[in-house]
Every structure is written in C-alpha cells, then in structure tokens.
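Participant: model the structure of this input:
(chains A and B)
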Protein chains: 2
Amino acid sequence: MKRTIGEMGERRVIETILRSLDPMPGIPVPFGDDASAVKIDGGRLAVIKTDMLVGRTDVPPGMSLKEAARKAVIMNVSDLAAKGVKPTAIIVALGLPRSLTEEDVEQLAAGLNMGAREYDTYIIGGDTNEASDLVISCSALGFCEKGRFIERRGAKPGDILAVTGSFGRTACGLKILLEGFEAPKEIRDILVKSVLMPEARLKEGLALASTGAVTSSIDSSDGLAWSLHELSMASEVGFVVERLPIAPEARRFAEIHKLDPYELCLYGGEEYELVVTVRPSLWDEAEKALESLGTPLRRIGVATRAEEVILKVGEQTRIIEGKGWEHFRT
Amino acid sequence: MKRTIGEMGERRVIETILRSLDPMPGIPVPFGDDASAVKIDGGRLAVIKTDMLVGRTDVPPGMSLKEAARKAVIMNVSDLAAKGVKPTAIIVALGLPRSLTEEDVEQLAAGLNMGAREYDTYIIGGDTNEASDLVISCSALGFCEKGRFIERRGAKPGDILAVTGSFGRTACGLKILLEGFEAPKEIRDILVKSVLMPEARLKEGLALASTGAVTSSIDSSDGLAWSLHELSMASEVGFVVERLPIAPEARRFAEIHKLDPYELCLYGGEEYELVVTVRPSLWDEAEKALESLGTPLRRIGVATRAEEVILKVGEQTRIIEGKGWEHFRT
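Facilitator: Numbers count the residues shown, from 1 in each chain, chains lettered A, B, ... in the order given. Reported below is the predicted structural model:
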C-alpha cells in the first residue's frame, strides 16, 4: 500500500480511483471511454469530456503560451470527435503561476479562443486560480442522438481497422524539440508544426458517425499502439495490423537518423488522428464520407478474435506492445 | 503591459481573458456568472460549471486528501445550487504530484465519491495527469427550465436581501488552522469542521428556484462582502445591510480574541451559503420553501438604487468594501 503513483503508472491510478467510485445507475457510456454522457430528453445524450494540460508535461520547449492554450482545446475537441460528437461549448479552469504577465494571459486567452473558433465552438465560462504549474483544464460539452455515440467497445472480429491520417510526425517533432535532433528545413517545419499546432479530426469524426459504419473509435493522442490496445481491451478483440501509414516526413527523418519508422509511427503520441473499426459491409460508405472531406480513410488491418495486437507486414510479424505515453511513469 | 498577474489580481486577469474571447451568439447566461449554459430542446438549459481546487491555496493545513477532494466537489455543487440547478453528473481532471501513494489516491477518490453522493450525483469520468501541485478540477453538469436559472443580474431596488445561514465560522476556522489561534473545544470543533467539511446549500437553492421568488443569487464562497459586490455589479443595484447574521461560535471567538465580528462575517470566504435577493411580494413563499427544509431564510437588508454596499446597524453606518478572497493577490 506504500507504492507511489510514480511506481504505479497512470493506468493503475485510474483503476484505483474507479474502485472507490459508485457507478451511476443506467449510465449510457462506461467510465473510461474518451468522453462521458448522461441521457437527456428525446433519446439524446449530453456528452462531456475533461482533459487537463499541464505545462510541465504537455508543453514542449518551443511551444508558445498561445499554442499551449490552443492545444488544451484541441485535446478535448479530439476526444469528442472520436465519439462523433460536435462540441457545443467549452469551459476552462486555469491554474496560473503568479509570475505570468498580462501579455501572457492575453496569449493564453487568444489561444483558447483560436482553438474553439477553429472548431466552430465557443469558450463560455471558466475559473482562474493560482498554481505552481501552468494548468489548463478544459471541459467540452456536446449533444448527440443516443445511437450515434461511438464507444471504444463495439469492435467485432472481422471489422476493418482504419485510421484518418498518417503517423509519426509528432514523434519526430518531439525529438527535434525535446532532444535537439536536426532535420532539413522542408521536413523540419512540418514535423515541428505537427506538435505545436495539432488538429483534431472533428469533421471526419462527425462524418464517420453519420454513416453508422463505425463500430468503435478512439483518438491517437497517447500513440497509435496505445490506442489499438485500448480498443482491443474495451472491445475484447485483437488486431492484425497489415500496413502502417507512416508519414513521408517521418520516413525521411527515420532514414536520416537511422531510427525505426515503425517505432515513430506506433509509439509517438500527441497525434490526434482517429483510430476506428468499420463494419465491412459499410466500408464503402465510410470511405466515401471522408473522401468528400478530402481525408483518406486508411485501411490498416483487421479485428481478430485473439486478444493481441500484431503487426504483420509481408513476411515480418511482431507484437505491438501496449506502451505509449503514460503519466507518472514516463 | 509588463504587469504580472500578481500585480493585476484575479478580477483583472478575468477581464483580460474576456476581451480575447468571441462571445457565443445567443448565449443564455452571461460570461462571469457562477455557471454557464447552452440552450437545449424543449426550452431547457444544459448548465455547466468548472471550479479548480489547488492544493497550495485551497487546502489548509489539517485538511486531509479525502476532505480536499470532497471540497472540490462541494465548490462546484454550491455554484449550481446558487443557480437553482441540480448537478446530474460530475467529471474530474486531476493533477497529481508523483510523490502521492496508492493510499493517497484512494483517499482522493473516496472524497470525490463522498462529495458527489451527498448531493445525489455521480462522478462519471475524468482525466489524470502529473502536476507539481495537487490540482482537482471538477466540472458539474445539470439541466433546468430556461426560466428557472437564477442569474446574478436580476436584483431590483426594493428587493429583499437574504442569506441561507450564518457567517463567520470559516474565517475563525481558518485562523485556527492557518494562524494557530486557539479556541475552547466546544466551539473549536465546529469552527474547524466548517472549513474541513463545508456543505453546499443544494436543497435550499432548488427550493428557492422553484418559488420563482428569487431575482438574483450567488454563493458566498469568496466571502459575504465579495458576493454582495458581485450581485451589486451584475444587477446594477446597491445594498443596505441592516443586520449581519454572525454565527454564535464566531461571535464567541471574536470576543475571546478581541476581533471584529463584522470582519469575520464579511470577509471570510470558503463559506458556501447562498446570498439572494427576493421579490418582496413573494417573500413569504421563499421563506416557507426553506422552512420546510429546516433552514431559516434570513432577511439581512434591501437592494437600493445607489450602487454601493453599506452596513447600517442601529446608529452605525459603514461602507462594506468589495474585498474578499482574490487569487494572485492574497
């Protein structure tokens, strides 16, 4: 009983918390999904999500206060996007170190507003406090039809595993910002921007939800590998990943620095793509829905009965470990 | 432009943030009220509130982690109570120092659950993060009829100023916990408990809202004086306070330590009473609604046309200054 949370890791901390909480009877979405919900009138759900940005762990060197505040909004929008829910409004609790200046506060507010307006939503309230770290705790509120909310737990063996974009840019960008790696300017800008100005796949999440084709969904904010394991555990399926959508800039960065592109692609994090499973009979509808937005829906594998996540490219087979960004540990 | 937020104080920080935010068109509750809202179907509102507890400033010595987590819930419930809205569900973003143990996490979770269950609501989701301070950022969600939400801005000159309880216990309790003041056991326990185990006036807030008698409302979490000034500014009225409901234990504590009981009563904070204005024609209904709950509704003064807050007891008249707990400054 004397373990610190540094020894426990985030997942066990969450398990410990859950054991102490009385579950809400008839709760429409299980605790631990990307967002929470309560039933309201007319067969609809009110969906809420809170995600906290902490300066110490979530703001790499080179990220401005404006970018940090914008990112705090994006983190929450992305989780609602994965559930197929539009954020109607956002509230923000701020923890601010006393040393910040008036200009800093203006930058933070501008970033919050920018993030919200990019996704056609608004900051409608909040709370300010003094804290040692910069803390930006956003909560997003949205509404959807009950059947429209896409949980983590609906994948069935045989469903097609797909993602909205390509992976690995943020892992490279973080190596540049945190570890001083170098890269030619034409890819450096793209890699760094993927970290400083992430984008949430909101239009894509809403379009996918409208098809009814998606059986489970999560965003890739803790890394692709971690997301696959979360879907696997929640849905009680496994995955065989047959191709990895490595971003061309990440492939080039890997070549330059003799890094494993699969590692960059699987274990990056801070990347806000959607990772979904799709009913095979409705694949065409799902693909078409994203095509009209100019975003490819990339088929990367299949859900299986065995609860393990395997990479199988050509002759090569390897286990994809369930590691990724985990608070307290990493 | 080089002022720090320590020089600005919380109110100017909030003003600075507000200037950068695009207002949501048709927003049903103005920014800066105790809670925020969006319209939903059927003439109803979805109401959300976020309030962050930071260990450094909101957890006095002697408060356990369980009590701190419970308080983080109470803070949010109290704000919804002041608006006449029942919290349907609560989500929690946690910032946890790495040194916490598994037992600490259990205590935090137990406190969150205790606070929620006391007010017939549930913790339905959350987020955990690493932070230097203990940070507990709760967000509460509730629903009400559009006309039922009690804003800060509805008071009219002539309305009766009233409160739900008596004041001053927490100011004394904080002096005991923070400054080492002493008190006889029989009052010490009550004073300390008022700080460690605060209660929100939820039943009272809901009962008052159901009467339609209340024209403006706020909780007294930043002190009675501060609350009066907030109502005054939002409603563009003043107040003459004709009697101050000093808690008997606070009066005794003041006598022992030769303190001004009015100071304890007006400038305490961390006290979760409701401060409301009532239409004179419906006073009896409001009083009766609380009587059935065993809580007296105490008439303490009247709203006036002059925008100043004055204490007028017997021959004595003095200005009640708009000071109270303000982050960054105090």
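
Participant: distance check, the residue nearest in space to the middle of chain A against A:Gly324.
Facilitator: Central residue of chain A (CA atoms, centre = their mean): A:Ser221, 2.9 Å from the mean position. Distance from A:Ser221 to A:Gly324, counting by CB to CB, to the nearest Å: 9 Å. C-beta: built from backbone N, CA, C; applies to glycine.

Participant: cool, and A:Glu182?
Facilitator: Distance of A:Glu182 to A:Gly324, given as CB to CB: 26 Å.

Participant: give me the nearest residue to A:Ser216, chain neighbours excluded.
Facilitator: Nearest residue to A:Ser216, sequence neighbours excluded (CB to CB, 6 or more residues apart in numbering or on different chains): A:Ala155, at 4.0 Å.

Participant: how many neighbouring residues does that neighbour have?
Facilitator: Each residue near A:Ala155 was counted by other CB atoms under 10 Å in any protein chain shown, and the total is 28.

Participant: check A:Val313 too.
Facilitator: Neighbours around A:Val313, by other CB under 10 Å: 12.

Participant: thought it was touching A:Glu242?
Facilitator: Yes. Here A:Val313 reaches A:Glu242: they are 6.7 Å apart, a contact under CB atoms under 8 Å.

Participant: now do the contacts for A:Phe253.
Facilitator: For A:Phe253, the contacting residues are A:168, A:172, A:175, A:181, A:183, A:187, A:191, A:259, A:264, by CB atoms under 8 Å, 6 or more residues apart in numbering or on different chains.

Participant: ok, now A:Leu80?
Facilitator: A:34-35, A:47, A:49, A:86-87, A:140, A:142, A:202, A:205 are the contacts of A:Leu80 under CB under 8 Å, 6+ apart.

Participant: how about 7 Å then?
Facilitator: Contact partners of A:Leu80, counting by CB atoms under 7 Å, 6 or more residues apart in numbering or on different chains, are A:35, A:47, A:49, A:87, A:140, A:142.

Participant: got it, and A:Ser194?
Facilitator: A:169-170, A:173.

Participant: now A:Ala303
Facilitator: Contacts of A:Ala303 by CB under 7 Å, 6+ apart are A:155-159, A:161, A:237, A:239, A:277.

Participant: so what sits against both of A:Ser221 and A:Gly324?
Facilitator: Between them, A:Ser221 and A:Gly324 share the contacting residues A:Gly269, judged by CB under 7 Å, 6+ apart.

Participant: how far away is A:Pro60 from A:Val275?
Facilitator: From A:Pro60 to A:Val275 the distance is 23 Å (CB to CB).

Participant: over to A:Ser232?
Facilitator: 11 Å.

Participant: ditto for A:Glu285
Facilitator: Applying CB to CB to A:Glu285 and A:Val275 gives a distance of 19 Å.

Participant: neighbour-wise, which of the two wins?
Facilitator: More crowded of A:Glu285 and A:Val275, by other CB under 10 Å: A:Val275, with 24 against 15.

Participant: distance of that one from chain B?
Facilitator: 19 Å (CB to the nearest CB, to the nearest Å).

Participant: can you say which helix or strand has that residue in it?
Facilitator: According to DSSP states H and E, A:Val275 maps onto strand A:274-278.

Participant: who touches that strand?
Facilitator: A:81-82, A:155, A:159-164, A:201, A:204-205, A:208, A:213-220, A:224, A:227-228, A:231, A:286, A:303.
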